[in-house]
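[1] structure, please.
(one chain, ligands or ions: 1)
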Amino acid sequence: MKLFLDTANVEEIRTAASWGILDGVTTNPSLVAKESRSFEEILREVCEIVDGPVSAEVVSQEAAAMVAEGERLSKVHPNIYVKIPMTVEGLKATRQLRTKGIRVNMTLVFSPLQALLCAKVGANFVSPFIGRLDDHAETGMDLIEEIVTIYRNYQYKTEVLVASVRHPIHVKEAALLGADIVTMPFSVFEKMPRHPLTDLGLERFLKDWQKVPKA
Ligand code: G3P
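    Numbers count the residues shown, from 1 in each chain. The predicted model follows:
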């Protein structure tokens, strides 16, 4: 399973990349707005740090404008995946961008049928938002299970990118369901390597080692 960071913060990306387990990055307009830097400047820097897909979202809403914006973003770096919202205009734009060989991540997906349509227009990634479904008392992870089943039934090549992740348990559940990618905030990423028993065990080993006679 590939692990992506869901952030536009270059320092967080640098830190996660230094651990050797970062496969890609997703951004969205809200995350970019937190950084007070130009989008293109952020994208260039991120693409220099991460050797993997970097998602950059369009803000246009009409297909032709989305395609033009997507083409512009895709020229920033070969690793850019254009993020297109799951609307009818977004489906049209995705089909056109894919025909041009530009890679697409379809976002704001909240239902299995939306995901089916994303696969049919050839999106490379589909991004179901599980945390936001949980916020509405729906079980976000059920959506992942359904999408994975549908894609397997028809051997669609679109990869399931689990987004709007809030806890490490979401990452574990997504892995058990066979999702292809999970994108998460740095706050979740940094919790994954930790376990209090690892810390306690290490502390005990180091303490005991002091009792070993030195040659
Ligand atoms: O990048 C899209 C998604 O991961 C947003 O998550 O926490 O704003 O629902 P959140």
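[2] once you drop chain neighbours, what's closest to the residue nearest to the spatial centre of the chain?
    Centroid-nearest residue in the chain, with Cα atoms, centre = their mean: residue 183, separated by 3.1 Å. Excluding the flanking residues, the one nearest residue 183 by Cβ to Cβ, 6 or more residues apart in numbering is residue 4, at 3.8 Å. Bear in mind the C-beta positions are built from the backbone N, C-alpha and C, glycine included.
[3] isn't residue 66 right up against residue 88?
    No. Counting by Cβ atoms under 8 Å, residue 66 stays clear of residue 88, with 11.4 Å between them.
[4] more crowded one of these two?
    More neighbours surround residue 66 than the other of residue 66 and residue 88, with 25 against 9 (other Cβ atoms under 10 Å).
[5] run through the residues that contact that one.
    Residue 66 makes contact with 58, 60, 84, 89, 90, 93, 97 under the criterion Cβ atoms under 8 Å, 6 or more residues apart in numbering.
[6] contacts only, for the last one.
    What that stands for is residue 97. Residue 97 neighbours (Cβ under 8 Å, 6+ apart): 66, 67, 70, 71, 74, 82, 84, 104.
[7] in the helix or strand containing the third one, what counts as buried?
    To tie it back to what came earlier, the one meant is residue 70. Assigned by DSSP states H and E, residue 70 belongs to helix 63-74. Going by neighbour count (16 or more other Cβ atoms under 10 Å), the buried part of helix 63-74 is 63, 66, 67, 69, 70, 73, 74.
[8] just confirm residue 122 contacts residue 91, I think it does.
    No. Assessed by Cβ under 8 Å, residue 122 is found out of contact with residue 91, at 10.1 Å.
[9] tally of neighbours for residue 199?
    Residue 199: 10 surrounding residues under other Cβ under 10 Å.
[10] counting neighbours, what do you get for residue 180?
    Neighbourhood size, residue 180 [other Cβ under 10 Å]: 16.
[11] same question for residue 134.
    Residue 134 has 16 neighbours, counted by other Cβ under 10 Å.
[12] show me which of residue 122 and residue 91 is the more surrounded one.
    residue 91 (20 against 17).
[13] just the pLDDT at that one, thanks.
    For residue 91, the pLDDT comes out at 98.
[14] apart from its chain neighbours, what residue comes closest to it?
    Nearest non-adjacent residue to residue 91 (Cβ to Cβ, 6+ apart): residue 121, at 5.1 Å.
[15] count the neighbours of that neighbour for me.
    Residue 121: 20 surrounding residues under other Cβ under 10 Å.
[16] how about residue 21?
    Neighbours of residue 21 under the rule other Cβ under 10 Å: 12.
[17] what's the helix or strand for the nearest residue to it once chain neighbours are set aside?
    Excluding its sequence neighbours, the residue lying closest to residue 21 (Cβ to Cβ, 6+ apart) is residue 3, at 5.8 Å. In this assignment (DSSP H and E), residue 3 forms part of strand 2-6.
[18] again with residue 214
    Following DSSP H and E, one finds residue 214 outside all helices and strands.
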